[in-house]
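S.K.: Next come a sequence and a model predicted from it.
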Amino acid sequence: MTDRSANQVSYKSSPDLMNLIRFTCEALSLEFTRWDEQYAAGPSLYFLVVADVECEDYTDPLGANRWPIERCGGVLESPETFVNVARDVAFRCDGAVLVAADGTVQEQMVRVRTPNRERLADSMEMDSADWMGTKHLSALEISTREEVLWSVTLSEETGRVSSFRDGAYQDYSRTEIGGRWRSA
């Protein structure tokens, strides 16, 4: 079993990793201009930052969906390259992107299994919101696992960016992301 307290130290000591993933999702949301169109699907992303990439206990490979590691093998290698690759993946792939605590991106994207009800009952109380779809509920539930340090989603329907940790979430609607630097 993983020692979560040791992982939290390294997790907290790498805000660059967390910030770059979240800001990438925000940037892709802000640059998409078709949110108001009825049938337009915007960019969609689901990142899991994990302490141990050996996660067969709670994930399954998701077919041909893959992160092109030959173009970008790590979140922190080149922020510009990471954003460009994330943009491509957001429009053509489905599933969660696994990122190791050191920023290394795993090639195979995954489907995250829903924890069994018994395991969820033993974890902390989780509050979900009405806007949460399956990707967001998955991110919320999986964030209770010791091995999952953090997760972030970008909604293809609304452009909302949400981060999840320890069964809690913080989210920003498209109109809230970017803060005072957001263009009108």
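M.R.: Perfect, thanks for sending it.
S.K.: make it CA atoms for all contacts and neighbour counts henceforth
M.R.: OK.
S.K.: could you say what helices and strands the longest helix along the chain packs with?
M.R.: Ranked by number of residues, the top helix in the chain under DSSP state H is helix 15-31. Packing partners of helix 15-31 (3 or more Cα pairs under 8 Å, 6 or more residues apart in numbering; DSSP states H and E): helix 79-92, strand 148-154, strand 161-165.
S.K.: can you list contacts of it?
M.R.: 42-43, 45, 47, 75-76, 79, 83, 86-87, 103, 152-154, 159-161, 163, 174, 177-178 (Cα atoms under 8 Å, 6 or more residues apart in numbering).
S.K.: Buried ones among those?
M.R.: Among those, those scoring as buried are 42-43, 45, 47, 75-76, 79, 83, 86-87, 103, 152-154, 159-161, 163, 174, 177 (criterion: 16 or more other Cα atoms under 10 Å).
S.K.: Okay, strands next: where are they in the protein?
M.R.: Counting by DSSP state E, the chain has strands at residues 45-50, 59-66, 97-100, 108-112, 148-154, 161-165, 168-172.
S.K.: Using TSV, please lay out these together with mean pLDDT and distance to Leu28.
M.R.: Formatted as TSV, these follow (pLDDT from 0 to 100; distance: least, Cα to Cα, whole Å):
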stretch	mean pLDDT	distance to Leu28
strand 45-50	96	10
strand 59-66	96	19
strand 97-100	96	16
strand 108-112	96	19
strand 148-154	95	9
strand 161-165	94	10
strand 168-172	91	14
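S.K.: I'd say Thr104 and Ile69 touch.
M.R.: No. Counting by Cα atoms under 8 Å, Thr104 stays clear of Ile69, with 9.2 Å between them.
S.K.: Between these two, which is the more surrounded one?
M.R.: Thr104 (18 against 14; other Cα atoms under 10 Å).
S.K.: Kindly give the local confidence score, pLDDT, for Ser5.
M.R.: The score at Ser5 is 46. That number is its pLDDT.
S.K.: when you give positions from now on, start the count at 308
M.R.: Let's use 308 as the start, then, which means that last one is Ser312.
S.K.: What residues sit buried inside stretch 465-480?
M.R.: Those would be Thr465, Gly466, Arg467, Val468, Ser469, Ser470, Phe471, Arg472, Asp473, Gly474, Ala475, Tyr476, for stretch 465-480 by 16+ other Cα under 10 Å.
S.K.: And the contacts of that stretch?
M.R.: Under Cα under 8 Å, 6+ apart, the answer for stretch 465-480 is 329, 332-333, 336-337, 342, 349-350, 431-434, 443, 446-452, 456-462, 481, 484.
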